[in-house]
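Novice: Let's see this in three dimensions:
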Amino acid sequence: MRFNTALILGTTLLLGTAAAFSVSDTRRNFLAKSSSAIVGTTAGAIVTTLSPKVASAEYDDYITTESGMKYKVTKEAPEDAAIPTAGQTVKTQYTGWLDSFDSEKKFDSSRDRGRPFTFKVGTGQVIRGWDEAFSTMKVGERRNIVLPPRLAYGERGAGGIIPGGATLYFDVELLAIL
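Specialist: Okay, here's the model as predicted:
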């Protein structure tokens, strides 16, 4: 998510300045209020503008889909490998974390259980981000995916383990189409 700094600054300054003054203000009051309003709104706009870029810098080498999912292929599949279609059952391995891929907050892992997970792609059996990710993966491919809340468990969270509004980080692998 990138913002146009000039547009944000200009809009913020115009709106902040207009809201801070009444018609009855004198020129001296106007200038005094104007300088303090500009300093405050400019600082706020710069923080707003830069924060999303800093937060996403770690994932600059990831592909971002139209929905907001980010992914990076960590193991390529053979070029002629099959891609599942909606309704097909897939066999997968995964590990999921809160906060980041390096986090100690691992919340689930089929790999740790030693038992692959199966589901039907594109049918809503899993979170939206998984349906999206696996519907474009080839058999044998492995990816790191970053799912914003709207593609995961949203504001409700899940099972007392995943808080509402959480971005989830998954290492996923498509083993087979069954």
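
Novice: State the pLDDT value of residue 73.
Specialist: Residue 73 carries a pLDDT value of 97.

Novice: Surely it is in a strand?
Specialist: Yes: under DSSP: H, G, I helix; E, B strand; the rest coil, residue 73 sits within a strand.

Novice: contacting residues for it?
Specialist: 141, 142, 143 (Cβ atoms under 8 Å, 6 or more residues apart in numbering). In this view, the C-beta of every residue, glycine as well, is placed from N, C-alpha and C.

Novice: quick one: residue 112 and residue 96 touch, right?
Specialist: No: the pair residue 112 / residue 96 is not scored as a contact, 10.7 Å apart, by Cβ atoms under 8 Å.

Novice: Please say which of these two ends up with more neighbours.
Specialist: When neighbours are counted by other Cβ atoms under 10 Å, residue 112 and residue 96 differ, and residue 96 comes out ahead with 21 against 9.

Novice: Strand partners (parallel or antiparallel) of the helix or strand where the more buried one lies?
Specialist: Counting by DSSP states H and E, the element that carries residue 96 is strand 89-98. Sheet pairing of strand 89-98 (DSSP bridges) gives strand 106-109 (antiparallel), strand 117-120 (antiparallel), strand 168-177 (antiparallel).

Novice: Present these as JSON lines; the columns should include distance to residue 157 and mean pLDDT.
Specialist: Shown next, in JSON lines, are these (distance: least, Cβ to Cβ, whole Å; pLDDT from 0 to 100):
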{"stretch": "strand 106-109", "distance to residue 157": "11", "mean pLDDT": "96"}
{"stretch": "strand 117-120", "distance to residue 157": "20", "mean pLDDT": "98"}
{"stretch": "strand 168-177", "distance to residue 157": "11", "mean pLDDT": "98"}
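
Novice: most packed of these?
Specialist: strand 168-177 (a mean of 20; mean count of other Cβ atoms under 10 Å).

Novice: rewinding a little: mark which of the contacts of residue 73 are part of strands, please.
Specialist: Counting by DSSP state E, these place 142, 143 in strands.

Novice: Pipe the contacts of residue 73 into TSV and attach distance to residue 127 per row.
Specialist: Output for those, formatted as TSV (distance: Cβ to Cβ, whole Å):
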residue	distance to residue 127
141	19
142	19
143	15
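
Novice: Of the contacts of residue 73, just the buried ones, ChimeraX syntax please.
Specialist: Per 16 or more other Cβ atoms under 10 Å, the buried members of the contacts of residue 73 correspond to this ChimeraX selection:
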select :141,142,143
